[in-house]
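Novice: Next comes the sequence, and after it the predicted model I'd like to discuss.
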Amino acid sequence: MNDSTLPRRLLAHPAGWIATGFGVGLLPKAPGTFGSLAALIPWWLWLRHLPPTQYGLVLVVALAIGVWAGGWVIAKLRVEDPGVVVWDEVLGQWIALFAAPAGWPWMFAGFALFRLFDIWKPWPVSWADRKLKGGFGAMFDDVLAGLYALGTLQLLSWAGL
C-alpha cells in the first residue's frame with residue numbers, strides 16, 4: 001500500500017476511522033501527540049463530568065474497540081503498532097485524566113505527564129511495547145503509560161501542587 005492510498009484505504013472501514021482517531025493519526029508529524037491532544041476535547045466536554053463507574057465503563061469499551069480497530073489496521077498494514085494508530089493515545093490520555101482535579105491546568109498537566117510516560121516508556125511500559133503484539137499490544141503500553149500519568153497526577157494533587 002503506497003502512501004498516497006493509505007488514508008483512503010484506512011478510512012474506507014470504521015476500524016480505520018477509530019484507530020486513526022478519526023483521521024488525526026494520518027497527520028505527517030507527531031500523530032501520537034496530536035492524538036493525545038484530540039482526546040482532550042471529548043474529555044473536557046463529556047468524560048470529566050461522568051461518575052467514576054461510568055467513566056471506567058467508557059475506558060473498558062474504548063479499550064475493547066481499540067484492540068479491534070488497532071488489530072484491523074495492523075493486519076492491513078502488516079506493521080506492529082504503526083504510528084497512524086492513535087486510539088491508544090486517546091485511551092491512555094483518558095486514563096491519565098481519570099479523577100483529575102477540576103480545571104484546565106490539571107488537564108494540561110495530565111496531558112504532559114501522559115506524553116512523558118508514553119515517550120519515556122519506563123518499565124513495564126517498555127516491556128509491553130516490545131513484547132505484546134497485535135491490537136492488544138498496541139493499546140496496552142499506552143494503558144500502562146496512562147496509569148503512570150494518573151498516579152503521578154494524583155500524587156501532585158494530593159501534595160497540593
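Specialist: Nice, I can see it.

Novice: what about the spatially closest residue to A100 that is not a sequence neighbour, how many neighbours?
Specialist: Nearest residue to A100, sequence neighbours excluded (C-beta to C-beta, 6 or more residues apart in numbering): W106, at 4.8 Å. Quick note: C-beta positions are derived from backbone N, CA and C, even for glycine. Using other C-beta atoms under 10 Å, W106 is surrounded by 16 other residues.

Novice: One more: the one 4 residues further on?
Specialist: As a burial measure, G110 scores 27 neighbours (other C-beta under 10 Å).

Novice: re earlier: I'd guessed the residue nearest to A100 sits against T152; true?
Specialist: No: using C-beta atoms under 8 Å, W106 is not in contact with T152, being 11.8 Å away.

Novice: Overlap in contacts, these two.
Specialist: Shared contacts of W106 and T152, defined by C-beta atoms under 8 Å, 6 or more residues apart in numbering, are absent.

Novice: May I ask which helix or strand encompasses the nearest residue to P14 once chain neighbours are set aside?
Specialist: In this structure, P14 finds its nearest non-sequential neighbour in A69, 7.7 Å apart by C-beta to C-beta, 6+ apart. Secondary structure from DSSP states H and E places A69 in helix 52-77.

Novice: now P7: how far from V90?
Specialist: To V90, P7 is 18 Å away according to C-beta to C-beta, to the nearest Å.

Novice: What does the residue nearest to the spatial centre of the chain show for phi and psi?
Specialist: Nearest to the mean C-alpha position of the chain, by C-alpha atoms, centre = their mean, lies E89 at 1.8 Å. Backbone geometry at E89, expressed as degrees, to the nearest 10, gives phi -70, psi -40.

Novice: what's near enough to touch it?
Specialist: Listed by C-beta under 8 Å, 6+ apart, the contact set of E89 reads G21, G32, T33, G35, S36, A39, F114, D118, D142.

Novice: tell me the contacts of the closest residue to the third one other than its chain neighbours?
Specialist: Ranked by C-beta to C-beta, 6+ apart and with sequence neighbours excluded, the top spatial neighbour of T33 is R115, at 6.2 Å. R115 is in contact with G32, T33, S36, counting by C-beta under 8 Å, 6+ apart.

Novice: All set now, cheers.
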